[in-house]
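Engineer: for reference, the sequence and a predicted model appear below.
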Protein chains: 2
Amino acid sequence: MQDALRLGVAGLGTVGASVIRLVQEHGKHLAVRCRRPIEIVAVAARDKTRDRGVDLSGYAWYDDALTLAHSNSIDVLVELIGGEDGPAEAAVRAALTSGKHVVTANKALLAKHGMEFAKLAEANGVSLNFEAAIAGGIPIVKTLRESMAGNSVTRVSGILNGTCNYILTRMEREGLSFEECLREAQRLGYAEADPTFDIEGNDTAHKLALLTSLAFGCQTSVDSIYLEGITEITTADIEAADELGYRIKLLGIAQRTDTGIEQRVHPTMVPKSSAIARIDGVLNAVAVEADYLGEVVLVGPGAGGNATASSVVADIADIARGDLMPTMGRPATELEPYTRARMRRHEGGYFIRLSVFDKPGAFATIARCMAEKNISLESIVQRRRAPRSEAPDLSADAPRPTAPQPVIMITYETTEADIKAALEAIGRENVIVGKPRMIRIERKPDAGTAQG
Amino acid sequence: MQDALRLGVAGLGTVGASVIRLVQEHGKHLAVRCRRPIEIVAVAARDKTRDRGVDLSGYAWYDDALTLAHSNSIDVLVELIGGEDGPAEAAVRAALTSGKHVVTANKALLAKHGMEFAKLAEANGVSLNFEAAIAGGIPIVKTLRESMAGNSVTRVSGILNGTCNYILTRMEREGLSFEECLREAQRLGYAEADPTFDIEGNDTAHKLALLTSLAFGCQTSVDSIYLEGITEITTADIEAADELGYRIKLLGIAQRTDTGIEQRVHPTMVPKSSAIARIDGVLNAVAVEADYLGEVVLVGPGAGGNATASSVVADIADIARGDLMPTMGRPATELEPYTRARMRRHEGGYFIRLSVFDKPGAFATIARCMAEKNISLESIVQRRRAPRSEAPDLSADAPRPTAPQPVIMITYETTEADIKAALEAIGRENVIVGKPRMIRIERKPDAGTAQG
C-alpha cells in the first residue's frame, strides 16, 4: 500500500466539521477503495476554543490557512473557508504554487480566480477539484469532466440555489409573500442573515459560470451572465403561472447558439409536467443535453454539511487514486475564450402581466403594440376583478369597476429584443399602470429553445 | 503527448457503429481531454459485407472476436457482442488474460462472470469498465464507484428496463392491454422479437446485481434476486392504482437490512407525487441513498446506440487517462460474500385486488383473515359493478348482481410472510374467484421502507 495522502483542512464550519467526521468514520473503507490511507494531519481556523462536535485532538492546529497552505506536512489543502478573496484566495494560491493539491467548495473563489488557478494547478502538476462547489452532493462536475468526455454539450441548466427554490416552493404551496418566505428560510437556516447573494441570483451565476466552462470548454466569464433574481416575484405571478400550467423556478441556463454561448440566470416559467418543475424545497437539479448522450438530469441535495462533505471526499479520493484531471476537464491552455451570445437575440416564450386602465380601446392598443413586433399570443387571461361580490355581474348595465385590471399574456416564441420593444411601446401609450412584469418561459427545459 | 490508446471493437451492431462514429467525429476533442490520441485500429464481426453506415476502411478486420482479443495490435477490447456466454465470454477472458483492458456494455456477461473477470482484470493490472451495461447513458457506475467513495450506501433502486417502462407508460396513458403495448413496442424496436428477458424482469435483475455489488461492496448474486415481471399487470391494476394515487413501475431495488441485503425486481406501486413515478417511456432512472450524501436521482436514456456509445467512450477515456479503477470500486478480493435478506422478511405496504363472490359475509371473512395476521387496511375500494345502467341502484330493493365483484385493498406496512399467509387463508374460504392480485407498494421510493 502507498503512503497516506495527508490532508490539511482549512475552515471548520459546518462543511469542515462534516468532512472531518466522514474521514474519521469511513477512513478504513476509503483506504480500501483508494488502496491508500487518507489522513487528516492538520486543521486551520480562527477560533481554537469553539466546540465543533468533532475530535480535533489528533491534528496540528493552525491559526491561519496561509501558514497551513505553506506547510510541508500536507499533500492536499481542503479549502472550506469561503469568500472570493481574502484568506481563501491566498491559501489556495500558496498551496498550488508549492505543489499541493487543492479541493474546494468555494464557487465564488473559482468564478473569479478559476482560470488563473487552473493554469497554476496544471503548471505545478496538481489537481484543483471542486465537485462540492456546484449543487452540493450532486456529482455534476465529474459527470461533465469525465462521463461526458465523448460528447459535445449543447445545453446545461438547473436549479442551483436551494434558498431560492425553498422560497419559491413555499410561496407557491402556501400563498405566502416573498418577504414572509425569506424570513422563514432565515429562521430555518436555509438563508443567510444577508441573503442578497442568493436571492439576487449571484450564487447561481457563480455556479453557472463554472458549469459553462466545464460543459463548453471555454473560460469562465461570470460578468457576462444575464442576471435577474427572485425578489420581484409575487404571489400573483405564481398564481397566474399555476393557472396557465406553469411553475416558476430560478434557473441558471447556458446554451450554445450560433452567435456564442448564452448564459442567463432568471426566474423561469416551466411546464408543470416537466421534470424540473417537480424539484421542490432545497433540492437542486442539473440537466445536461449533449449530442450523443441526449439528456441526463441529476437531482439531489444542493447544500448541507454532510452532502457537501460527500463531494469534497470524492474529490480527495480521486487525488488519492492518482486520477489528476485538468480543472475544467481540458488543459487550461486549451480552453477557448468565452464568446457571449447577446441576450437581445434570446428566443423563447414570455409571460407578461400588465395592470391595464379600464378604458375603451386599451386592450386594442396593447394588441397592436404586440402585433407590430410580430409577437403572437398563445393565451390571454383578462379577468375582471369583482368589485365586491364573488361573482361579478358582467351585464352591460352593471357598474364598471374603475381600478386597473390585470391582464396576463403568454407569447409564442419571440426574441428578447422584440418583446422589450413591444413593452416599451405599450408603456408609452398611457394604457397601463406601473411596469409590465415579464418572465421568460422555457417550454422544453429539457431541450434548448434558442436558435441563436 | 503519450502514444495512442489502440481500440479493437468487437460487435458492430447499433452500439458498435455508434462508438465508431463517435470516435471518428470527436477524436480530436477526446485527445485534448485525455492528453492522448484514441484510435480504433481493428474491428470484429461475422459479416464483413454488411453496410453499417460507418467507414470501416481504416481498420483491420477480424471475423472473430477471439482472434482480435489475442491480437497485440490493441490495448483495449471493446466488447459489444452481447450474450452471457459464447464469443463475448471467450473474447473478454482472452483479452484480460493477455493484459488488455476491456470495456463492455454486456450486463448478462458480467452478472454471470463478473466476479471471475474482476479478479482476472486486477491480477493483470488492467481495467474492466462497464458504464454502458447499466442504464445506458446514465453515469451510475462512475457515481457509485467514484462520487460516492466516502459514503455507506443504504439503498439503490431504479427503473432499469426501458422496454417495460414503455409498456407500462402506454398501458396507463392509453388504457391498452399489456399484449397490445408489447406488440407496439416490438413494432417500434423497443422490444425484441423474443421479449421474455425484458418483460420477465431478467434484464433488470442483471443490472440490479451489478448495482448491488457496486453499492454495497459485495459479490454479485443474480440468482438471489426475487423476480417478478410485468406480464400479469392488467389495465384494471393500473386503473385501480391511479384511483388510489399511485402508478405502477417495474423497479429493481437493493437495500441493506438487518439480516442481509434485500434484492428484488417486481412491479411496484409508487405515489404519483414521487420522482420515480414521473419517469415515462424508455427513460431510465436510478436513485441512490447513502449516509452522508442523502439521496441522488439520475435520469436519462437507458438505451439507444448513441447514448450507450457515450458511456462506452467515457470508459475508454478513463483508461486513456490512466485512471484504472477496480471493477466494482474496491479490489475484487475485498468484496464481501453476498448475504441474502429473506423476502419473507420484507416489510412494506401491499395493494390487493380480489374478485369476491357476492354473498353475505364474504367481506367479513376477508377482513377476519387480514385481522388474524394483524394486517391493517389503509383503504378499501369495493365498487359494485353496475349491472346495466351507469348509476347503480344500491337501495335494498334493487336486484343484486350475481357476478363476482372486485375489491381493492391497500394495507399499511406488513411483512411478505404475513400478507401471503392472509391471502392463502382467504383462498381457502371459498369467497373469491381466481388468484388474488398482489402488488408491493413503495410509499417512499426515495427512502427505504424495510427495516429488516
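Structural biologist: Arrived safely.
Engineer: could you tell me which residues of the stretch 151-300 of chain A lie near chain B?
Structural biologist: A:151-152, A:275, A:278, A:290-300 (CB under 8 Å from any CB of the partner chain). C-betas here are computed from N, CA, C, even on glycine.
Engineer: which residues touch the residue of the stretch 301-450 of chain A found nearest chain B?
Structural biologist: With CB to the nearest CB, the shortest gap between the stretch 301-450 of chain A and chain B falls at residue A:313, namely 3.3 Å. When contacts are counted by CB atoms under 8 Å, 6 or more residues apart in numbering or on different chains, residue A:313 touches A:19, A:22, A:23, A:26, A:30, B:149, B:150, B:292.
Engineer: tell me the SS of the fifth one?
Structural biologist: Three-state assignment for residue A:30 (DSSP: H, G, I helix; E, B strand; the rest coil): helix.
Engineer: for the last one, same thing?
Structural biologist: Of the three states, residue B:292 takes coil according to three-state DSSP.
Engineer: closest one of the residues of the stretch 151-300 of chain A next to chain B to residue A:70?
Structural biologist: Lowest distance from residue A:70 to these (CB to CB) belongs to residue A:300, with 35.7 Å.
Engineer: list the contacts of that closest one.
Structural biologist: Residue A:300 neighbours (CB under 8 Å, 6+ apart): A:135-138, A:283-285, A:307, B:293-297.
Engineer: ok, now residue A:53?
Structural biologist: A:17, A:21.
Engineer: let's see that with 6 Å instead.
Structural biologist: For residue A:53, the contact set (CB atoms under 6 Å, 6 or more residues apart in numbering or on different chains) comprises residue A:17.
Engineer: give me the pLDDT for it.
Structural biologist: Reading off the confidence values, residue A:53 has pLDDT 95.
Engineer: most surrounded residue in the contacts of residue A:313?
Structural biologist: Neighbour counts for the contacts of residue A:313, by other CB atoms under 10 Å in any protein chain shown, peak at residue A:19, which reaches 33 neighbours.
Engineer: what's the helix or strand for the nearest residue to residue A:56 once chain neighbours are set aside?
Structural biologist: Using CB to CB, 6 or more residues apart in numbering or on different chains and skipping residues adjacent in sequence, the residue nearest residue A:56 is residue A:43, 5.9 Å away. Assigned by DSSP states H and E, residue A:43 falls within strand A:38-44.
Engineer: and that strand, how far out from the chain middle?
Structural biologist: 31 Å (CA atoms, centre = their mean, to the nearest Å).
Engineer: what does the helix or strand just after it contact?
Structural biologist: Counting by DSSP H and E, the next helix or strand C-terminal to strand A:38-44 is strand A:60-62. Strand A:60-62 is touched from outside by A:42, A:44, A:48, A:68, with contacts defined as CB under 6 Å, 6+ apart.
Engineer: now list the buried members of these.
Structural biologist: A:42, A:44, A:68 (16 or more other CB atoms under 10 Å in any protein chain shown).
Engineer: before we move on, back to that, let me know the closest of the contacts of residue A:300 to residue A:208.
Structural biologist: So of the contacts of residue A:300, ranked by how close each gets to residue A:208 (CB to CB), first place is residue A:135, at 10.8 Å.
Engineer: and chain A, what are its domains?
Structural biologist: A:5-133, A:142-301, A:346-441 (automatic domain parsing).
Engineer: now the helices for chain A?
Structural biologist: Secondary structure of chain A by DSSP state H: the helices cover A:14-34, A:65-70, A:86-97, A:107-123, A:140-142, A:162-174, A:178-187, A:196-199, A:202-216, A:235-243, A:305-320, A:362-372, A:416-428.
Engineer: list the contacts of residue A:332.
Structural biologist: A:118, A:119, A:122.
Engineer: mind checking pLDDT for the nearest residue to the second one once chain neighbours are set aside?
Structural biologist: Excluding the flanking residues, the one nearest residue A:119 by CB to CB, 6+ apart is residue A:332, at 4.4 Å. Predicted confidence (pLDDT) for residue A:332: 95.
Engineer: gap between residue A:332 and residue B:161?
Structural biologist: 42 Å (CB to CB, to the nearest Å).
Engineer: for residue A:23, see how far away the spatially closest residue to residue A:4 that is not a sequence neighbour is.
Structural biologist: Distances taken as CB to CB, 6+ apart place residue A:37 nearest to residue A:4, at 3.9 Å, with adjacent residues excluded. Distance, residue A:37 to residue A:23, using CB to CB: 10 Å.
Engineer: where does the prediction get shaky in the stretch 1-150 of chain A?
Structural biologist: A:1 (pLDDT under 70).
Engineer: just to revisit the earlier point, could I get the contacts of residue A:313 in JSON lines, plus columns for distance to residue B:210?
Structural biologist: JSON lines is the format used below for the contacts of residue A:313 (distance: CB to CB, whole Å):
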{"residue": "A:19", "distance to residue B:210": "30"}
{"residue": "A:22", "distance to residue B:210": "26"}
{"residue": "A:23", "distance to residue B:210": "28"}
{"residue": "A:26", "distance to residue B:210": "22"}
{"residue": "A:30", "distance to residue B:210": "22"}
{"residue": "B:149", "distance to residue B:210": "18"}
{"residue": "B:150", "distance to residue B:210": "21"}
{"residue": "B:292", "distance to residue B:210": "23"}
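Engineer: now the two most distant members of these.
Structural biologist: A:19 and B:149 (13.1 Å).
Engineer: residue A:425: neighbouring residues, count only.
Structural biologist: Neighbour tally, residue A:425, other CB under 10 Å: 16.
Engineer: that one against residue A:371, yeah?
Structural biologist: No. Applying CB atoms under 6 Å, one finds residue A:425 not in contact with residue A:371, separated by 10.7 Å.
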